[in-house]
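Engineer: Structural data only, the sequence is not supplied:
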């Protein structure tokens, strides 16, 4: 694998960044948490969804104050032929198609973020979506911070639930603990700068609540360990040319909660530790 020369590149378009073969956080999460076969498939089959399009539009408006890549489609939904054709045309041109009511939601999210003092500070006078490339023992790596200021990286997440007390579960389920560690370490490798990583979460529906959270050191330590697992898997698969999926046969047991439920139903006494 050969990636771009290590350094910081302010003006690379998103599509060009994603085409670069260096490993980013999404690829590393797939290698660590799924299988090498998933990684190989995802490399040539980019995923698109309405949620992804809305999130990209929100990033453009909030991070850069730019709506030039957003195409407003005059329809109530995406069910009509005309709406589907307009959507496909916009996506083919690398733009984000939104219904009028979706655009109003994105604007409301922007207003909510800018009304939050910490989020507003993170997304004011920042470097937006600079591409960072570095090398680790011959392995090309990359990241693309949403917003970068001296000492801090901010990542914007549009979500159905911005409750900070639920974020730990979300960070685990989506591998955000790995992403944060990857970005922190990447900026350190590229610049020597120590930064913290904050997540700015904004809900996609009224009242568009906002939260700002930062993962603790233990979470980041787990993230780094999982990143090492991903890199090891990549190197092994790259050397062998084999990118396996799931094991042929794997013995599994029922989840612990199911054992408890069946013990109760069967009247099996449970020892209680004092």
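Structural biologist: It's in. Computed from a prediction, not measured in an experiment: that's the story for all the values here. Residues are numbered from 1 along each chain as shown.

Engineer: what helix or strand is residue 103 on?
Structural biologist: In the assignment (DSSP states H and E), residue 103 maps to helix 100-115.

Engineer: what packs against whichever helix or strand comes after that helix?
Structural biologist: The element immediately downstream of helix 100-115 (helix or strand, assigned by DSSP H and E) is helix 117-122. Judged by 3 or more Cβ pairs under 8 Å, 6 or more residues apart in numbering; DSSP states H and E, helix 117-122 is in contact with helix 100-115, strand 152-159, strand 196-203, strand 210-213. (C-beta placed from N, C-alpha, C; glycine too.)

Engineer: can you pull out the strands in the stretch 1-150 of the chain?
Structural biologist: Per DSSP state E, counting those that start in this stretch, the stretch 1-150 of the chain carries strands over the ranges 7-9, 70-73, 96-99, 127-128, 131-136, 139-143, 147-149.

Engineer: Residue 167 is nearest to which of those strands?
Structural biologist: strand 147-149 (18.2 Å; Cβ to Cβ).

Engineer: For that closest one, what is the distance to the chain centroid?
Structural biologist: Centre-to-centre, strand 147-149 and its host chain are 16 Å apart (Cα atoms, centre = their mean, to the nearest Å).

Engineer: So what touches it?
Structural biologist: Strand 147-149 has contacts (Cβ atoms under 8 Å, 6 or more residues apart in numbering) with 63, 122-123, 125-128, 130, 153-156, 187, 195.

Engineer: and what of stretch 244-262?
Structural biologist: 35-38, 237, 268, 270.

Engineer: Now distance to residue 262 too, for the strands of the stretch 1-150 of the chain, in TSV please.
Structural biologist: Shown next, in TSV, are those (distance: least, Cβ to Cβ, whole Å):
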stretch	distance to residue 262
strand 7-9	56
strand 70-73	52
strand 96-99	48
strand 127-128	53
strand 131-136	47
strand 139-143	46
strand 147-149	49
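
Engineer: Mind putting these into CSV with mean pLDDT, distance to residue 202 and mean neighbour count?
Structural biologist: Formatted as CSV, those follow (pLDDT from 0 to 100; distance: least, Cβ to Cβ, whole Å; neighbours: other Cβ atoms under 10 Å):
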stretch, mean pLDDT, distance to residue 202, mean neighbour count
strand 7-9, 95, 27, 14
strand 70-73, 89, 17, 18
strand 96-99, 88, 16, 23
strand 127-128, 92, 16, 16
strand 131-136, 96, 24, 20
strand 139-143, 97, 22, 21
strand 147-149, 96, 13, 22
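
Engineer: Run through this structure and note the low-pLDDT ranges.
Structural biologist: Within the chain, the stretches with pLDDT under 70 are 1-3, 48-51, 272-274.

Engineer: where do the helices sit along it?
Structural biologist: Listed in chain order, the helices of the chain (DSSP state H) span residues 14-19, 25-33, 36-44, 50-64, 81-92, 100-115, 117-122, 167-173, 176-191, 217-240, 256-266.
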